[in-house]
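*Asks:* quick one: sequence and predicted model below, then my questions.
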Amino acid sequence: MAITLNTDDYHLKTQLNLSTSRWQGYADKSIDEVIEAEAESGNTLAKDYGRKLFGSADELINTFQLNDPSNKYNIINKLSAEQREKVLQMLDTDDMVVGLNFFTQDKLQEMLQYASPAENINVALEAFPLQKIIQMMPEDELEGFFMSDDLKKEVITAQLRNLDPESLIQMTEGITGQSVDTNDISKVLNQLTSLPDKQFKETMATLDPEVQQAIILQMANEDMSVMSNFSTGAYIDMVSQQQKPDMVKSMVALNPESLQIMTRELPDDLFSIVASQIDTKQLAQFLINKCPQVLEQFVSMGNAGSIH
């Protein structure tokens, strides 16, 4: 594909102090050829401008109109794989999230598996309130939560004191098969907490889902780390129930490293579209420092007479 770039002929003409008629005489010349011809004719501005163009981010931005996303696209699309990787490292989180819109919803769901469990929890929290997340958990996830080896009995029992007496009584009667003295709630608590760990957890795992949800919500409000006792798959499935635009929006909670992995999966042309959101001055400085040969291609191939 031919290299094309919209540049600012007025800016270049002004920088070289060229009259309109003299400029028109360069209609079939590249920018590089114009600068070279003017330098050879004794135009000291042209001699200085060649150095200035490749040494000043502001000059590069003005000459190549890098504020125009299409110009950024054309340049980035010509970078090597290694150079594009450097550009990727400079993209903001919001820029990469925009790029996720190019993927199908099924692909987004698949790629969430690249992210850590903690990230998927954060994505879910970006999408839904904490209480809603817990309510959306399937019953087998609620059961698995209480059976988790990482969840200590003491952490659960501390929350039982916050339950309403009716729920505590129902739990105890369900375990013992006997009626409970409703006037002594502390005795009810002691009966529950004195159970062997395995039996206690099995009891918690078979509670009414609404009671389980209430306990988990209390625990999470005190320590969000307990939410890691749900499976990563449950969070991914939950987030994937949204409409695609909402799903993409919630993925802003991902770490930059995960977003970079996802962005790398885009075809080159779509990657260049996403990367064209990069900060203009940052890109200009990168091109000057790391990609002078790419700039030289544009300078030598651009036709001054057709530039607009």
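*Replies:* That came through, no problem.
*Asks:* identify each buried residue in stretch 138-145, please.
*Replies:* Applying a neighbour-count criterion of 16 or more other CB atoms under 10 Å, the buried positions in stretch 138-145 are 141-145. In this view, the C-beta of every residue, glycine as well, is placed from N, C-alpha and C.
*Asks:* care to break the chain down by domain?
*Replies:* 9-91+278-306, 102-261 (automatic domain parsing).
*Asks:* and of these, who's closest to residue 271?
*Replies:* domain 9-91+278-306 (6.7 Å; CB to CB).
*Asks:* show me the shaky parts of the stretch 101-250 of the chain.
*Replies:* Scanning the stretch 101-250 of the chain for pLDDT under 70 picks out 174-177, 180-184.
*Asks:* hey, where'd the helices end up in it?
*Replies:* Ranges of helices within the stretch 101-250 of the chain are 105-111, 117-127, 130-136, 139-147, 153-160, 165-176, 185-193, 197-205, 209-222, 232-240, 244-250, based on DSSP state H, counting those that start in this stretch.
*Asks:* out of these, the one nearest residue 69 is which?
*Replies:* Comparing the helices of the stretch 101-250 of the chain by CB to CB, helix 244-250 comes nearest, at 19.8 Å.
*Asks:* buried set for the closest one?
*Replies:* Under the neighbour-count criterion of 16+ other CB under 10 Å, helix 244-250 has 247-250 buried.
*Asks:* immediately after that helix, which helix or strand?
*Replies:* helix 256-263 (DSSP states H and E).
*Asks:* check which residues of that next one are buried.
*Replies:* Under 16+ other CB under 10 Å, the buried positions of helix 256-263 are 258-260, 262-263.
*Asks:* kindly report the same for stretch 265-282.
*Replies:* 266, 271-278, 280.
*Asks:* save those residues as JSON lines, and put in pLDDT and distance to residue 121 too.
*Replies:* Listed next are the buried residues of stretch 265-282 as JSON lines, based on pLDDT from 0 to 100; distance: CB to CB, whole Å:
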{"residue": "266", "pLDDT": "97", "distance to residue 121": "26"}
{"residue": "271", "pLDDT": "98", "distance to residue 121": "28"}
{"residue": "272", "pLDDT": "96", "distance to residue 121": "33"}
{"residue": "273", "pLDDT": "96", "distance to residue 121": "30"}
{"residue": "274", "pLDDT": "97", "distance to residue 121": "26"}
{"residue": "275", "pLDDT": "97", "distance to residue 121": "29"}
{"residue": "276", "pLDDT": "95", "distance to residue 121": "32"}
{"residue": "277", "pLDDT": "95", "distance to residue 121": "28"}
{"residue": "278", "pLDDT": "95", "distance to residue 121": "30"}
{"residue": "280", "pLDDT": "95", "distance to residue 121": "35"}
